[in-house]
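>>> Curious how this folds, go ahead:
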Amino acid sequence: MKTSEALEPKIIDSLILLKDTIVFSNSSEGEKLSLFKNQRTNDSIIKSTIYGETGKIDYTFIFNKELFNANRVTSNYEEPIYINSNPKINKITDENLKTSLLTKEELTNIFMEDIKFFRSQKLHTSKSSNLKADCSQIIIDLIKGSNFKNPFKDNLKIAIKNNNEVNMKLRLFDANDKSESTIGWIVFDAENMRLLDITNDIKNPIKLTFEHKLWNKIIECFFDNDSSYYFD
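The predicted structure follows:
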């Protein structure tokens, strides 16, 4: 779920806070996502923090027409937040675009997801604030109604790990598992109109059957209502 607070632009040093958003589709503990404008350089900055029960991930993206700086800091807590709501934080990794080609690709994909969301907010500000929560639930309903085989199928939660505008990679976990351990992976292949189970073999995925009406609703939610991805 994403909810955007209606804010007057707020100046923080040389930064103007343009949008301040809460995201619940990537983590049950939430993600804080903010868009800034640097008055001095005219660069735009996206900052986000994804919270979990045992740690958090901080992202910073700096761009001006093109992304030129990105950073990901992964940290863990000495105690889970359900034991200590203000735990000591230990940094595990600090990565940027130069860390590796894989890290660069991951950061670029996450940046594209964030950009797409902020653009949709600008274009569709009249939509309900709980739209993304509804959209995430539609994905869950699509998977539950498919022939996907998993012992935790009836109690799924999802995290969208990648959306490159032609397909989405979905991480699945048990809603009752506080550690949010991964129980499966699904690819929503909009371009080829396929739902693929890659849990056991990414090179030989299982092609799933699913309800076309739900598929079309997901295209409306996450793929800018692109009719070329619709089932008739």
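>>> Can you show me the strands along this protein?
2-5, 10-12, 15-23, 31-38, 44-51, 55-64, 66-77, 89-96, 156-163, 167-174, 182-189, 194-197, 206-208 (DSSP state E).
>>> in the third one, what counts as buried?
Looking back up the chat, that one is strand 15-23. For strand 15-23, burial by neighbour count (16 or more other CB atoms under 10 Å) applies to 15, 17-21, 23. C-beta coordinates here come from the backbone N, C-alpha and C atoms, glycine included.
>>> so can I have JSON lines of the residues you listed showing pLDDT and distance to residue 35?
JSON lines is the format used below for the buried residues of strand 15-23 (pLDDT from 0 to 100; distance: CB to CB, whole Å):
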{"residue": "15", "pLDDT": "75", "distance to residue 35": "10"}
{"residue": "17", "pLDDT": "77", "distance to residue 35": "8"}
{"residue": "18", "pLDDT": "76", "distance to residue 35": "5"}
{"residue": "19", "pLDDT": "78", "distance to residue 35": "4"}
{"residue": "20", "pLDDT": "74", "distance to residue 35": "8"}
{"residue": "21", "pLDDT": "74", "distance to residue 35": "8"}
{"residue": "23", "pLDDT": "70", "distance to residue 35": "13"}
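>>> From the residues you listed, pick the one nearest residue 142.
Closest approach to residue 142 among the buried residues of strand 15-23 (CB to CB): residue 23, at 20.3 Å.
>>> That closest one and residue 49 touch, don't they?
No: with contacts counted by CB atoms under 8 Å, residue 23 stays clear of residue 49, the gap being 9.9 Å.
>>> what residues do those two have in common as contacts?
Residues touching both residue 23 and residue 49 by CB atoms under 8 Å, 6 or more residues apart in numbering: 31-32.
>>> Only the buried residues of the top helix by length along the chain, if you could.
Counting by DSSP state H, the longest helix found in the chain is helix 101-123. Residues 103-104, 106-107, 110-118, 120-121 are the ones in helix 101-123 that count as buried (16+ other CB under 10 Å).
>>> where does this structure have its least confident helix or strand?
Ranked by mean pLDDT, DSSP states H and E, the weakest helix or strand in the chain is strand 2-5, scoring a mean of 39.
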